[in-house]
Every structure is written in structure tokens, then in C-alpha cells.
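Colleague: next comes the sequence, and after it the predicted model I'd like to discuss.
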Amino acid sequence: MGVLFGTDGVRGVANRELSPELAFKLGRAGAYILARSSGSNTRMVIGRDTRVSGDMLEAALVAGICSAGINVLKVGVLPTPAIAYLTRELKASAGVVISASHNPVEDNGIKFFSASGYKLPDEIESEIEALVVDDCACIPFPVGGEVGRAFQVHDAAERYIRYCIKSINTRLDGLKIVVDCANGAAYDVAPRIYRELGAEVIPIYNIPDGVNINCGCGSTHPEALCETVISSGAGLGLAHDGDADRVLAVDAGGRLVDGDQIMVICARSLKEKALLPKDTVVVTVMSNLGLHIALKNFGINVVETRVGDRYVMEELLRTGARFGGEQSGHIIFLDHNTTGDGILTALHLMAVVKESGKTLQDLAGQMERLPQLLENVQVADKNLVMGSQALAEAIKTEEQAMGGKGRILVRPSGTEPLVRVMAEGTNMDQLKEIVGRLANMILEIK
């Protein structure tokens, strides 16, 4: 990957690092690489989340794509997985999402999907980046009737809603749920989908104003959701993030059910129905050891990969498995969609609740989560920190001191100027000391 593309597209502060000029060039380069090579299928889908900068970046992207002679299908504010689905459904040559997921409102991002709805491989992103760096000099400017046009897809949301509803065979009648929409892309479609399947829905943080996305809400801030579930007497709660490609849950007692627990619940159900190919689940190195223990007890294999949904997807495709995800709630049901889909995940989780007749608390109890502590350390240069030999030796020393009863993972964020320090073991006091020492050391690296 180069200087523009990170683990999840191009991100930065909107109107600064991610400027309209850069968006225009990304539109031109993306259209040239992805759409020009598809022959007569010369149209691209564009969707976005609720950030105020979305209008600006969408206009620039549309201009760039049209200037390369490619038509645009605008689907408006919809979850990222909806764009992946609609790219396939509308038989477009590519899809583009304008979103920075769970990041704060000042950030935004641009990521591409291929015609098949998958995120682009590194080599294709590198081709697009090379064109942008070269100011798209080799891309022609068509004129007259060859200039691209933009069209609004008025039934885009309805298409995605119908698709989600068909993904499960279980009604949700009798379930009372609270849904935290993060004032993001799920604010409209998520409550509608759950209601149409019969659930009683209490939506919160579902009135976006352009600047309140992820602000004290959503999957990164579930505190209000926990309180609302308890005060309303709901059976469970769901927390989406800004672009709704992930979901976390809350049981009736206000306890958080993370992505690891959701994967254990859904994987066991899939295996019992003979719907878990190779009896395998793909997870990242961040998944709790408790997940490994629980899945092993259920006769399910675990394949571990690097942090990032793109790497989970690569392993799913390589191994032939069809289910996997991350502790953050970014979970992939490959039989249903080509990227993580928070709404689909929530539907499958609630279907297990209904079919089993058990509470979410009981189902989550199938996995015992080992103490795990994560601290995000803000840094000026992630590469400098990760290249520190002294840090590497300190990590090794700390891990040896745990006597084989824990692990330490230090990694850079793929989307923010952060280094994440995670320690896992049997003693939380020990974990706090370890994480504190490593975090302080990271801050001193210059």
C-alpha cells in the first residue's frame, strides 16, 4: 500500500488531507482503472454516510468520474455493505463509499468496491494511487456526448431493505430491542428492517444533523445503549457504527456482547445447521482466547489472521470458509454479502435468539471472555514506533513474565495516528501494569 490507501481506503480530515481536489482525482483514476476495463458496463455506484463533508466529497467524486466518461449511480446515505450489495445488484463496474466508519465527524474516507462487491486488492489500489500521484496525466478528457452523467437511484434503500429481510427465515415478533444508529448511515434503514420483521424497535441516535455522527454513541460508545436497554425493559440492544458495517450487542442486563461472542453464538448455530463450510471460522489476532476455547469445544476450527476485515476476507477466500470477523463487530457472512454487514449480523444474531428460545445473556455465556485490556496511544509517527527495537524487546520481556498465561499485541491503527497496545491474561491488575509501561515507552519514542 502507498501513501494514500490505508487498510480501509483513503482517509483523512475532510477538506484538508482529504480535499475535493484529491477526491476528484480519485474519481478519475478509479473510473479509468475500474470502469474503463469493463467494456460497455461503464457506470459506478456512489453512496455515503451522514457526515457534513459527504456532499462536498460526493460532488468532487462525481465530477471526477464523469470527467473520465463514466456514468454515476447515486444511492444517497446508506450503509457501506449496502453499497457493496447494490454494486452487484445494479450490475455496475464498481462502487464507491464516502465514509470514515467509526471515526469522528471531521474525518472522512473514500473506498472502492469491485464489480463483484469486494474491496480492492492492494495491487489495484496501487494502480489507482499511481495515477493520482501523476495527476491523472494519462487519462483522457472526453467531450460532447462521451462525458459521463449522474443519475439518482430512488429505490436504492428499498432494494437493500428487501435483501436484508430475505437473509433470514425467522420472524422477530416478540423481541423488544433498542437500536443505536450512531447518527450514521443506518439511521433510517436499520429500524425499518427490524420493524418489518416484527420486532418492537426503540431507536436512539437516529437523528443525524451532519456533525453528530459517532458523537458519544454507536459501537464505540455503547454506554447510553446499555442504560436504555435496562430502563426500557428491552430484551437486547444493538449498536451500529457510522457506516453500519459492524454491530455490537447488549443483553437485557446492559452487558456488552462483543464481536467475539457474536461469532461464537452464530458459528455454533451455523454448524448445528450444517451451514458452516469446513467447520471453520476466520478471526484476527485481536480475538479473545476465550473465543478459541469455546469454538474448539464446539468442534469448530479457528484460522487467525492480521487485524482488518480485508485480511479476514482474504483468508475466507483462501480457505473456502464462509464466516469470520473481528472482535469489533465487523463480521462477514460470505454467503450473504461480500463485506462486513452490521444489519445482517444483527438479524442472524436475533434469529438465533428466537430459534433457541434463550436469552442473549445465556447465549453469550457460551464463551468465557478472558481479561483483556486495550489502550490507544496517540503518536506522531506510527512507523517510527513500530520500528523501535527497544519496544520489541520490552514486549518480549513483558510476555515472558506472564509465564505462558497471556499475550501482548502492539500494532498501529490502519486509519488513525494511533498505536494500539493490547494485553490479555488472567490478572487484570497485571495487565494494567503491562499496558501502562508499554504505553509510556511508546510516548517516549522520538
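Modeller: Yep, it's here. Numbering: from 1, shown residues only.
Colleague: what is the burial count for residue 76?
Modeller: Neighbourhood size, residue 76 [other Cβ atoms under 10 Å]: 17. C-beta coordinates here come from the backbone N, C-alpha and C atoms, glycine included.
Colleague: ramachandran angles for it?
Modeller: Main-chain torsions, residue 76, degrees, to the nearest 10: phi 80, psi -150.
Colleague: quickly list what it is bridged to.
Modeller: residue 47 (DSSP bridges).
Colleague: OK, contacts around it?
Modeller: Applying Cβ atoms under 8 Å, 6 or more residues apart in numbering, we find residue 76 in contact with 47-48, 152-153, 156-157.
Colleague: quick one: it from residue 154, how far?
Modeller: Per Cβ to Cβ, to the nearest Å, residue 76 is found 9 Å from residue 154.
Colleague: element containing the closest residue to residue 313 other than its chain neighbours?
Modeller: The shortest distance from residue 313 to any non-neighbouring residue, by Cβ to Cβ, 6 or more residues apart in numbering, is to residue 332 (6.3 Å). Per DSSP states H and E, residue 332 falls inside strand 331-333.
Colleague: all strands for the stretch 1-150 of the chain, in order.
Modeller: Ranges of strands in the stretch 1-150 of the chain, per DSSP state E, counting those that start in this stretch, are 5-6, 9-13, 43-48, 71-77, 94-98, 107-114, 150-152.
Colleague: indicate which one of those is closest to residue 208.
Modeller: Among these, the nearest to residue 208 by Cβ to Cβ is strand 71-77 (8.1 Å).
Colleague: would you mind writing the CA trace of the closest one as CSV?
Modeller: Output of strand 71-77 as CSV, limited to C-alpha atoms (Å, rounded to 0.1, in the frame of the first residue of the first chain):
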residue,chain,number,x,y,z
ASN,A,71,-21.8,7.4,-15.5
VAL,A,72,-22.6,7.6,-11.8
LEU,A,73,-25.5,6.0,-9.9
LYS,A,74,-26.0,7.9,-6.7
VAL,A,75,-27.7,5.9,-4.0
GLY,A,76,-27.5,8.5,-1.2
VAL,A,77,-27.0,7.8,2.5
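Colleague: so for it, what gets flagged as buried?
Modeller: For strand 71-77, a neighbour-count test (16 or more other Cβ atoms under 10 Å) marks 71-77 as buried.
Colleague: want to try JSON lines for these, with distance to residue 216 as columns?
Modeller: Below are the buried residues of strand 71-77 laid out as JSON lines (distance: Cβ to Cβ, whole Å):
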{"residue": "71", "distance to residue 216": "40"}
{"residue": "72", "distance to residue 216": "34"}
{"residue": "73", "distance to residue 216": "34"}
{"residue": "74", "distance to residue 216": "30"}
{"residue": "75", "distance to residue 216": "28"}
{"residue": "76", "distance to residue 216": "25"}
{"residue": "77", "distance to residue 216": "20"}
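Colleague: which residues sit in contact with residue 173?
Modeller: 198-199.
Colleague: how about a cut-off of 6 Å?
Modeller: residue 198 (Cβ atoms under 6 Å, 6 or more residues apart in numbering).
Colleague: which of the contacts of residue 76 are buried, as a ChimeraX select command?
Modeller: Here is the ChimeraX command that picks out the buried ones among the contacts of residue 76, judged by 16+ other Cβ under 10 Å:
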select :47,48,153,156,157
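Colleague: which of the contacts of residue 76 lies closest to residue 287?
Modeller: When the contacts of residue 76 are compared against residue 287 (criterion: Cβ to Cβ), the nearest one is residue 47, at 29.5 Å.
Colleague: before I go, just wanted to say thanks for your time.
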